[in-house]
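# need a 3D model of the following:
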Amino acid sequence: MTNQKNNKAIHILLWIAQGLLALMFIMAGLTKATQPIEALADSLPWVTSTSTGLVRFIGISELLGGLGLLLPSIFRFKPFLTVWAALGLAVVMVLAVIFHASRGEFSAIIVNIIILAFAVFIAWGRTKKAPIKTKVTVK
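Okay, here's the model as predicted:
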């Protein structure tokens, strides 16, 4: 009985983490993929010293990663893609830590590490503790 309650609690925590992380990455991705670089520079000063193509690539990657955190699990269609999305976003955060460390932007690194922890938690949880089963269709 206690084990079932623990699994349900982890399942709920994973959904909350997935929702929050997805919302954050979808918003950040849309902004980086669609806003003019000059407008982005107000809140993200690093975009002025980075190529526009890289900024757009990061935005599209974040947008797709955010969608990947939710859609496969919601529709139970290939839910392993949620784990891959979480791992991909974890890699993006590791690269962001390296990027910001190389520029001496240490305040941004803390945020990257927190997001990295959320992504790893989702990947671990949806693999080991509360995986989502594929929807069974009757033919």
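
# tell me the buried residues in stretch 76-84?
Within stretch 76-84, the residues that count as buried by 16 or more other Cβ atoms under 10 Å are 79, 81-83. Heads up, the C-betas are built off the backbone N, CA and C, glycines and all.

# now those residues in CSV, with pLDDT, secondary structure and distance to residue 92?
What follows is those, written out as CSV (pLDDT from 0 to 100; DSSP: H, G, I helix; E, B strand; the rest coil; distance: Cβ to Cβ, whole Å):
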residue, pLDDT, secondary structure, distance to residue 92
79, 94, coil, 21
81, 96, helix, 16
82, 97, helix, 16
83, 97, helix, 15
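
# and residue 53, how far from residue 85?
In this view, residue 53 and residue 85 are 22 Å apart by Cβ to Cβ, to the nearest Å.

# between the two, which one's more packed in?
residue 85 (28 against 8; other Cβ atoms under 10 Å).

# after the helix or strand encompassing the more buried one, which helix or strand is next?
In this structure, residue 85 sits in helix 80-102 according to DSSP states H and E. Once helix 80-102 ends, the next helix or strand along the chain (criterion: DSSP H and E) is helix 106-124.

# low-scoring stretches of the chain, by residue?
Within the chain, the stretches with pLDDT under 70 are 1.

# which residue lies nearest the spatial centre of it?
Nearest residue to the geometric centre of the chain (Cα atoms, centre = their mean): residue 89, 4.5 Å.

# understood, closing this out.
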